[in-house]
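Chemist: Sequence first, predicted model second:
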Protein chains: 2
Amino acid sequence: MRAYNFCAGPAALPTAVLEKAQQELTNWQGKGLSIMEMSHRSDDFVAVAEKAEADLRTLLAIPENYKVLFLQGGASLQFSAIPLNLLGKNSKADYINTGIWSEKAFKEAKRYGEINVIDAVTTVDAKMAIADQSAWNLSNDVAYVHYADNETIGGIQFAGIPNANAPLVCDYSSSILSAPLDVSKFGVIYAGAQKNIGPAGLTIVIVRDDLLDQSKAEIPSILKYADQAKNGSMVNTPATYSWYLSGLVFEWLLEQGGVDAMHQINLQKANLLYGYIDQSGFYQNPIAKANRSIMNVPFTLADEKLEKTFLVEAEKRNLLNLAGHRSVGGMRASIYNAVPLVGVEALVEFMQGFAQQYG
Amino acid sequence: MRAYNFCAGPAALPTAVLEKAQQELTNWQGKGLSIMEMSHRSDDFVAVAEKAEADLRTLLAIPENYKVLFLQGGASLQFSAIPLNLLGKNSKADYINTGIWSEKAFKEAKRYGEINVIDAVTTVDAKMAIADQSAWNLSNDVAYVHYADNETIGGIQFAGIPNANAPLVCDYSSSILSAPLDVSKFGVIYAGAQKNIGPAGLTIVIVRDDLLDQSKAEIPSILKYADQAKNGSMVNTPATYSWYLSGLVFEWLLEQGGVDAMHQINLQKANLLYGYIDQSGFYQNPIAKANRSIMNVPFTLADEKLEKTFLVEAEKRNLLNLAGHRSVGGMRASIYNAVPLVGVEALVEFMQGFAQQYG
């Protein structure tokens, strides 16, 4: 029996996707070998790779003047790759800081350029919120403005896309494909696969054509967007099996009705969970309503000594991986696309019972 | 039915490994989720990761003063990572050039240091060979000496480990685990997984402790061996599923009797194939006997116009992916650990019949 998996990443994948992968693992479409045993340059694999890209383009309505790259190394390697690709002509960038992941990004960027950090987290009615953009001190002359749409650990998310005079660069690792997204507003969108896309080890980069000519001299060749774009992400052997699995996830998303349909379900899931937390009197979420993540829901119990019991009891009901990030503690339910509404319903039902028993 | 897969990489994996992975793909050891849906920091995954490392250490008898890293980006990203990790104190290195992959390595290294290239390929009796080390012009004052044990495309391999006054750094991508290996003779050994280890998207780096303190300032943090070593290759989320699959391959290798046993089988396979090619009068291999790769066997037909027919006929007999690398043409049979002796026997039998019919 499959459990409900609330892990922040590597995270739940759709059961239907895993079953399809399982069925063809040793013998892909009767070819006598696994897709992971095929050359990345074989006609069969190239067809799989191209379909995955085409489906992702459909899902996010990616305009033609954007390249889609299937790379390795996670979003964390992009923390270096972004400045190395974009600061070759103008070495200045603005970084909006809303939590642990945006901080990691600007710390790495500072090694490669002149980085202006804008601390955007503020407090509204004793809850954490993202300050209105009018309060930000954006520069006038930067190569780009970087932010993280959704802070996976903090559970704080932008309510919309900021405005900037420079290309927006956004870490969408934990929110990509959870809702419609106007790609045309961005210079670069990047995302580690292991939340809403596929298995860990794949990183998607969506980059606007005109930004491909401004890399720094010291960039490792494999990280260079221009080269990867010219070579269909095959400057060297890509993570073929992860690419294939991501393609299966994209197919599944299209079958569910695409990101509009997923967004409606994700809102239902988030509203159910936050709604219960707010009226429970036992659980607390620290984020102001306008900036609550629809993917990662951190919460605390009335008494933190109950945390271990909560996790043990949850696991008995097949509700897995609800511990918060080791850096912040507490609880966290990650409710990505692959976590179904019934999973969140089961979680809320359990939380109600637990509060009744221990509250 | 599974075919015999002679692909150079991503390459054949042992059928028993794929079947085990298939069986537990959707529900790993009854835990209710796939291993690829688990946090890399979960007890379950950490146990899998640590066992994989321990088994690899057993297989290669890796001394305690070496760290084993499970990274991403392929050997090609290591072409940058090697100089970025090792040229921080002394910016000079020697690179032995024996073909396309060692050339890629030194071209990238030249972007980060003063690289002395030693062209080591020579001709013996009209065959390509690696020149005796006495003919190399090694430097006296370099941070390291780099070479590629086995050239996957050229099919040329070192007959032994060279001597050097500086740490040896070796690309073992296509020959690691094919034979015993004295790790203590090296500073760094690295290998992309997709030949003899596991699926593409994982890179193994074995690095001696005392080399962890000489990185260059501009190195992207994720590429820094010292940081990855300190964090058990989890500075960020590693390629968990590839790591797990590699662990299954290591278990399988131990079950087969380890690298000594594999080496004996690999020699049998290589001797059978080269032996037939040499006496066929129809097929040709361009490499001198002492430097023939036991993993990648390039060969040509008496008439290159027959190549397409050869590939079509081979495929009909479930002998797949025998085309040479697009840069050199001809044929190539990659006979990694996962290609069984019966596969090579079937190939030789087919080659005999083909030569009879078309010769």
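Modeler: Thanks, I have the structure now.

Chemist: Spell out the residue ranges of the helices in the stretch 151-300 of chain A.
Modeler: A:225-230, A:240-255, A:258-280 (DSSP state H, counting those that start in this stretch).

Chemist: Roughly how far does the residue nearest to A:Gln256 when sequence neighbours are not counted sit from A:Val121?
Modeler: With sequence-adjacent residues excluded and distances taken as CB to CB, 6 or more residues apart in numbering or on different chains, A:Gln256 is closest to A:Met262, at 6.1 Å. (C-beta placed from N, C-alpha, C; glycine too.) Separation of A:Met262 from A:Val121 (CB to CB, to the nearest Å): 27 Å.

Chemist: one step back: surely the residue nearest to A:Gln256 and A:Leu253 touch.
Modeler: Yes: with contacts counted by CB atoms under 8 Å, A:Met262 reaches A:Leu253, the gap being 6.4 Å.

Chemist: Please identify which of these two sits among more neighbours.
Modeler: A:Leu253 (24 against 20; other CB atoms under 10 Å in any protein chain shown).

Chemist: Give me the below-cutoff pLDDT ranges for the stretch 151-300 of chain A.
Modeler: Within the stretch 151-300 of chain A, no range satisfies pLDDT under 70.

Chemist: near chain B, which residues of it?
Modeler: Contact residues (CB under 8 Å from any CB of the partner chain) of the stretch 151-300 of chain A with chain B: A:192, A:194, A:199-202, A:217-218, A:220-223, A:235-242.

Chemist: what does the model give A:Ile335 for pLDDT?
Modeler: The model reports A:Ile335 with a pLDDT of 98.

Chemist: quick one, what contacts it?
Modeler: A:Phe6, A:Asn266, A:Lys269, A:Ala270, A:Leu273, A:Ile294, A:Met295, A:Asn296, A:Val297, A:Gly343, A:Val344 (CB atoms under 8 Å, 6 or more residues apart in numbering or on different chains).

Chemist: Point out the most buried one among the helices of the stretch 151-300 of chain A.
Modeler: Highest mean neighbour count of the helices of the stretch 151-300 of chain A: helix A:240-255, a mean of 23 (counted as mean count of other CB atoms under 10 Å in any protein chain shown).

Chemist: Does anything pack onto that helix? Which helices or strands?
Modeler: helix A:15-23, helix A:43-60, helix B:240-255 (3 or more CB pairs under 8 Å, 6 or more residues apart in numbering or on different chains; DSSP states H and E).

Chemist: got a markdown table for the ones you listed, with distance to A:Leu138 too?
Modeler: Formatted as a markdown table, the helices and strands packed on helix A:240-255 follow (distance: least, CB to CB, whole Å):
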| stretch | distance to A:Leu138 |
| --- | --- |
| helix A:15-23 | 40 |
| helix A:43-60 | 26 |
| helix B:240-255 | 38 |
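
Chemist: just the buried members of the residues of the stretch 151-300 of chain A next to chain B?
Modeler: Neighbour counting over those (16 or more other CB atoms under 10 Å in any protein chain shown) leaves A:192, A:194, A:199-202, A:218, A:220-223, A:235-242 as the buried ones.

Chemist: Now do the contacts for the residue of the stretch 251-359 of chain A found nearest chain B.
Modeler: Residue nearest to chain B within the stretch 251-359 of chain A: A:Asn318 (5.8 Å; CB to the nearest CB). Neighbouring residues of A:Asn318 by CB under 8 Å, 6+ apart: A:Met1, A:Ala3, A:Tyr4, A:Ala346, B:Gly32.

Chemist: So among those residues, where is pLDDT lowest?
Modeler: A:Met1 (82).

Chemist: hmm, back to that, nearest to B:Glu304 among the helices and strands packed on helix A:240-255 would be which one?
Modeler: helix A:43-60 (21.5 Å; CB to CB).

Chemist: isn't A:Ala193 right up against A:Leu177?
Modeler: No: using CB under 8 Å as the test, A:Ala193 is too far from A:Leu177 to be in contact (10.4 Å).

Chemist: Mind checking which of these two has more residues around it?
Modeler: Counting neighbours by other CB under 10 Å for A:Ala193 and for A:Leu177 shows that A:Ala193 has the greater number, 30 against 25.

Chemist: which ones are touching A:Gly359?
Modeler: Applying CB under 8 Å, 6+ apart, the residues near A:Gly359 are A:Gly281, A:Phe282, A:Ala302.

Chemist: I'd like to know which of the contacts of A:Ile335 is nearest to A:Glu151.
Modeler: A:Asn296 (7.8 Å).

Chemist: who touches that closest one in this structure?
Modeler: Here A:Asn296 is in contact with A:Ala8, A:Asn150, A:Glu151, A:Thr152, A:Ile153, A:Gly155, A:Ser174, A:Arg332, A:Ala333, A:Ser334, A:Ile335 (CB under 8 Å, 6+ apart).

Chemist: which strand residues sit across from it in the sheet?
Modeler: A:Ser334 (DSSP bridges).

Chemist: Stretch A:112-129: which residues count as buried?
Modeler: A:Tyr112, A:Gly113, A:Ile115, A:Asn116, A:Val117, A:Ile118, A:Ala120, A:Val121, A:Lys127, A:Met128, A:Ala129.

Chemist: Report the buried members of the contacts of A:Gly359.
Modeler: Looks like the contacts of A:Gly359 have A:Phe282 buried, using 16+ other CB under 10 Å.
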